[in-house]
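Asker: Requesting a structural model of the entry that follows:
(one chain, ligands or ions: 1)
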Amino acid sequence: MQSLQEKASQWSGVRADDAFAIDETNLYEKLGLQTFINLSTNFYNRVYDDEEEWFRSIFANSKKEEAIQNQYEFFVQRMGGPPLFSQRRGHPALIARHRPFPVTHQAAERWLHHMQQALDATTDIDQDSKTKMMNFFRHTAFFLVAGDELKNQKQGFPCKHATEKPAAA
Ligand code: HEM
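Answerer: Just a heads-up that it's a prediction; the model follows:
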């Protein structure tokens with residue numbers, strides 16, 4: 001049976017090595033906190049304004065400001081910064097946290113569409129970092145789709161998508 005990681009690679013078209021190339025550089029130190037805040041703000045502005053009602057409605061029970069904070073704190077933590085997300089929210093456990101939502105192939109593509117646009121609009125991110133981040137996002141999105149298929153099974157999902165990074169010096 002294919003593992004979730006293998007499904008994520010197959011469906012996303014991104015090899016695990018490329019997805020986790022975000023660990024080769026400390027992107028938090030390179031880009032800084034404000035860049036991550038800008039990226040998540042830009043992303044969620046697009047999501048909450050999405051003309052596609054089916055996608056917008058997935059976020060209907062979340063407050064935009066909180067969704068922004070949840071996301072940038074996770075990105076900061078995962079990309080080499082202080083563990084802001086875990087300090088406030090606990091372990092990332094991304095599959096479990098997405099359990100209430102319909103994380104389908106179509107939803108992943110829409111999420112990634114908005115994230116690509118948000119990355120393109122965030123001018124202070126260099127092209128190499130954008131490529132690394134997008135590979136990570138794409139692989140993670142389809143990892144979540146694979147997890148969504150297992151919704152009714154109770155099991156743990158060890159993975160590198162949500163590794164807790166030590167606080168930056
Ligand atoms: C594949 C399509 C995806 C869908 C439909 C989706 C949907 C959602 C929704 C509805 C929320 C709740 C908003 C909130 O209150 O924070 C959420 C939260 C979150 N998502 Fe996603 N997401 C997707 C992909 C991703 C990806 C690729 C990542 C990471 C790279 C991610 C990371 C997070 C994080 C960190 C949270 C906050 C969880 C919390 O604090 O409880 N999501 N997502």
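Asker: ok, the residue most central in space within the chain - contacts?
Answerer: The residue lying closest to the centre of the chain (CA atoms, centre = their mean) is residue 137, at 5.0 Å. Counting by CB atoms under 8 Å, 6 or more residues apart in numbering, residue 137 makes contact with 112, 115. Just so you know, the C-beta spots here come from the backbone N, C-alpha and C atoms, and that holds for glycine as well.
Asker: Can you point out the helix or strand that includes it?
Answerer: If you go by DSSP states H and E, residue 137 is part of helix 127-148.
Asker: Centroid-wise, who is the farthest residue in the chain?
Answerer: Farthest-from-centroid check, the chain (CA atoms, centre = their mean): residue 1, 25.4 Å.
Asker: pLDDT score assigned to it?
Answerer: With respect to pLDDT, residue 1 scores 79.
Asker: For the chain, what lies in contact range of the ligand?
Answerer: Contacts of the chain with the ligand, taken as CB under 6 Å from any ligand atom, map to 58-59, 62, 66-67, 70-71, 74, 89, 94, 97-98, 101, 103, 107-108, 111, 137, 140-141, 144.
Asker: Inside helices: which ones of those residues?
Answerer: Using DSSP state H, the members of the residues of the chain next to the ligand that fall in helices are 66-67, 70-71, 74, 89, 94, 97, 107-108, 111, 137, 140-141, 144.
Asker: Now the buried members of the residues you listed.
Answerer: 67, 70-71, 74, 94, 97, 107-108, 111, 137, 140-141, 144 (16 or more other CB atoms under 10 Å).
Asker: Next, the buried residues of the helix holding residue 137.
Answerer: 129, 132-148.
Asker: next one: stretch 4-24
Answerer: 4-5, 7-9, 11-12, 14, 16, 18-23.
Asker: Quick check: end-to-end length of that stretch?
Answerer: Distance between the two ends of stretch 4-24: 23 Å, counting by CA to CA, to the nearest Å.
Asker: Which residues does it contact?
Answerer: Counting by CB under 8 Å, 6+ apart, 2, 78-79, 95, 105, 132-133, 135-136, 138-143, 145-147, 150, 157, 159-160 sit against stretch 4-24.
Asker: Low-confidence stretches in the chain?
Answerer: Residue ranges of the chain with pLDDT under 70: 152-158, 163-169.
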